[in-house]
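> give me a model of this one.
(chains A and B, ligands or ions: 1)
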Amino acid sequence: MDFALNEEQVMFQSMFRDFAQQEIAPHARETDEHEALPEGLLEKAAEQELLGAALPEKFDGAELDWVSICLLMAELGRACLSTAAVIASHANLAALTILDAGTDEHRRSYLPSMASGEVIGAFALTEPQAGSDWNAIQTSATLQGDGYILQGVKSWVVNGSIAGLYIVFARAPGGITAFLLPAGVPGLHIGYRERTMGLRGCQIHALYLKGCRVPEADRLGAEGEGLAIAARALPRYQIAIAAAALGVSEAALQEGKQFAVERKQFGVAIATKQAIGNYFADSIVEIETLRHLVLHSAWKMDEGTISPSDLAIVKLHSARVARTVANRMVQVHGGYGFSNEYSVSRIYRDVRALDVMGGTDQLQQATLARNYFQGALVD
Amino acid sequence: MRIIVLINQILDPSGMTVNRRAQQVFVNRREYILNPADLSAVEAALQVRDAAGGDVTIVGLGPERVVESIRQALSMGADQGLAIIDESGAAADPAVRARLLAAAVRKAGPFDLVLTGDRVLDSDGGQIGPRVAELLDLPQLISVETVACQENRAEAIRSTETGYQRVEAPLPVLATLPPDANRPRFGTAQRIVNVYRDQSAVKCLSPADLDPTGEASSPQTRSGGRGYPTPREPGTRLEGTVEEITGRLVTALGLGA
Ligand SMILES: Cc1cc2nc3c(=O)[nH]c(=O)nc-3n(C[C@H](O)[C@H](O)[C@H](O)COP(=O)(O)OP(=O)(O)OC[C@H]3O[C@@H](n4cnc5c(N)ncnc54)[C@H](O)[C@@H]3O)c2cc1C
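Residues are numbered from 1 along each chain as shown, chains lettered A, B, ... in the order given. Below you'll find the model as predicted:
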């Protein structure tokens, strides 16, 4: 048993950190205020090969293991959670799903340009009436000639307005099916933008599919394979989101530390007050347990031994830790924590999404309880 | 164009807290980084190579862990690395360090340009560049912001208190750069993978390989202990118009008639 990162992972981590702290963190506030990533940021990330980090080398990726991917996501989350979510949606949800379910032709034609950032990916599963319940999706894909006609509405699509390629799930004659839709195809319209309380740098949109024609060659996997494809995609996103949650928790703690050392009340730094110290102590414990859990889960991903319950644990715990730590650190800031002048207030708004994106806490609990009692309840 | 960059590795200051009251440095995290001025030198070397062609060799001297800093430079795009592994700490002496580095440069073969940082962040020392230049009998361009090479000459820009100076010297030449001379590029993921895949990317030597007699390694500096400057009384602030201040200053200095 070995808990140490190898030398290569240590170097990745320091490159990720240098890049994220120098190129992303200084723009986190404007990303939130301007509701978009700074111009050129994704191109810079692509130059460091961060957009195709997990893709194989033959598709211009860096073929990193899951432990390294989690180190990357943690550094992105520490610098700016909006940026982390944009990159995770592009790389982990979209690109890796094409690698997983696409034909060689799909992979060759899309993956190198996704690694280079020329094409940004989006994943459109959710619908207004179908959130946790994927089976309820209503977007239809009817056969016509040598292709399909898509009709329906998708919602909550991260990268909705910046994507060059959408993975869209729709109900075909053979069941729910995934399709690849390049931006600009006739009948694909970018809908309204969600006005969100946090992650405001993510451009989250509805998509309207109005008689959108998709050739059969752009079907991802077989008809009826859509939910299985989505189910395989989810873990790759959940682990990334959990790692980003770790990074953003550490960022919140750091903000809190700086404030608690500098802020004086009753003649002393508030850090010397036991009640404040306990906030830090509890947060340190939670962050440290999360770090082990995230890296252990990533290692299990690499080993191919991760289970649905393992993923539910890390997803649920990471969101809770981030939310709890951010909440405490807002409190440490007193009234200033409620001011947008302080980063901790943005972090607090951002982390609230972690309990929902990639599957809600309740679904993780349901998965855990169901698997735990499996076979034990007979009636 | 053959370029050699001399690098040093230091304890990451962001892992330390300096407590003035306790007159102590607390090390919270023992991590090592490439000395920032040397990182500028690596970036400058890569720029010269990218413009003029050739290759960049990184030479590092220190304990085994110095190899990681050489690898960092390779991940940025340098071509090969040479590590002189010295666990004895003898190379903390700038005279010894410079002699070993000069020997390493000679060993690395013919070269046109030697670059290094103009100071090392931990001790704030700035001796290595000039010392190595002297030992190799090279012209030296010290603390320059940029270096470019053209037809057997190196041209550099140095910033001074009053403006910029353009300085030049015939190749081969040694130049040193300050930490803020440029924005060093980051390594890329793919290069990091390759650096670890290619185990021969960094060649390792020992000081004995460069200095068989041990002569170069005999220290010249002796530590006389450590002390802090005695605290001084704050000075007096003179206020008023220029005339008033001048008058008061003359009186204060006891120069008044
Ligand atoms: C920031 C953000 C980014 C997103 N990005 C994308 C994206 O890129 N692509 C995409 O397709 N979707 C995306 N989503 C949508 C996300 O996947 C859904 O919000 C999520 O699946 C939950 O669906 P819902 O919002 O419809 O909530 P609902 O499913 O309606 O849930 C409402 C409440 O009921 C609870 N609930 C639902 N079912 C059960 C159950 N069986 N047992 C117990 N409780 C239950 C939920 O936990 C929740 O508390 C994103 C969402 C957010 C917030």
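
> which residues of chain A lie near chain B?
Chain A comes close to chain B at residues A:7-8, A:10-12, A:14-15, A:18-19, A:47-50, A:53, A:57, A:62-64, as judged by C-beta under 8 Å from any C-beta of the partner chain. Quick note: C-beta positions are derived from backbone N, CA and C, even for glycine.

> mind redoing it with 6 Å?
A:8, A:11-12, A:15, A:18-19, A:48-49, A:53, A:62 (C-beta under 6 Å from any C-beta of the partner chain).

> give me the subset of these lying in helices.
Among these, the members found in helices (DSSP state H) are A:8, A:11-12, A:15, A:18-19.

> what's the longest helix in chain A?
helix A:226-262.

> which other helices and strands contact that helix?
helix A:66-79, helix A:96-101, strand A:175-182, helix A:274-303, helix A:308-332, helix A:343-351 (3 or more C-beta pairs under 6 Å, 6 or more residues apart in numbering or on different chains; DSSP states H and E).

> touching, residue B:4 and residue B:109? I think so.
No. Residue B:4 is beyond contact range of residue B:109, at 9.1 Å (criterion: C-beta atoms under 6 Å).

> so the two - more neighbours on which side?
Using other C-beta atoms under 10 Å in any protein chain shown, the more surrounded residue of residue B:4 and residue B:109 is residue B:4, with 25 against 9.

> for that one, give its distance to residue B:45.
Remark: distance between residue B:4 and residue B:45 (C-beta to C-beta, to the nearest Å) = 8 Å.

> strands of the stretch 51-200 of chain B, residue ranges please.
With DSSP state E, counting those that start in this stretch as the criterion, the stretch 51-200 of chain B has strands at B:55-62, B:80-85, B:113-117, B:140-141, B:146-150, B:153-160, B:163-170, B:173-177.

> closest to residue B:198 out of these?
The closest of these to residue B:198 is strand B:80-85. By C-beta to C-beta, the value is 9.8 Å.

> what average pLDDT does that closest one get?
When pLDDT is averaged over strand B:80-85, the result is 96.

> partner strands of it, parallel or antiparallel?
Here strand B:80-85 is paired, per DSSP bridges, with strand B:55-62 (parallel), strand B:202-205 (parallel).

> can I get those strands in TSV including mean neighbour count?
What follows is those, written out as TSV (neighbours: other C-beta atoms under 10 Å in any protein chain shown):
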stretch	mean neighbour count
strand B:55-62	24
strand B:202-205	17
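
> just put those in JSON lines and tack on mean pLDDT.
Shown next, in JSON lines, are these (pLDDT from 0 to 100):
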{"stretch": "strand B:55-62", "mean pLDDT": "96"}
{"stretch": "strand B:202-205", "mean pLDDT": "94"}
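
> neighbours of residue 99, how many?
No chain was given, so I picked chain A. The burial count assigned to residue A:99 is 20, neighbours taken as other C-beta under 10 Å.

> ah, no, chain B please
23.

> could I get the contacting residues of it?
residue B:216 (C-beta atoms under 6 Å, 6 or more residues apart in numbering or on different chains).

> now do the one 4 residues further on
The neighbourhood of residue B:103, defined by C-beta under 6 Å, 6+ apart, consists of residue B:210.

> ok, now residue A:127?
A:137, A:154-155.

> of these, closest to chain B?
Chain B lies nearest to residue A:154 out of the contacts of residue A:127, by C-beta to the nearest C-beta, at 31.7 Å.

> name the residue of chain B that lies nearest to chain A.
Residue of chain B nearest chain A, by C-beta to the nearest C-beta: residue B:189 (3.5 Å).

> about what we covered before: quick one: which of the ones in helices among the residues of chain A next to chain B is most hemmed in?
Within those, residue A:12 tops the neighbour count with 28 neighbours, counted by other C-beta under 10 Å.

> around residue 32, how many other residues sit close by?
No chain specified, so I'll use chain A. Residue A:32: 23 surrounding residues under other C-beta under 10 Å.

> wait, I meant chain B there
Residue B:32 has 16 neighbouring residues, counting by other C-beta under 10 Å.
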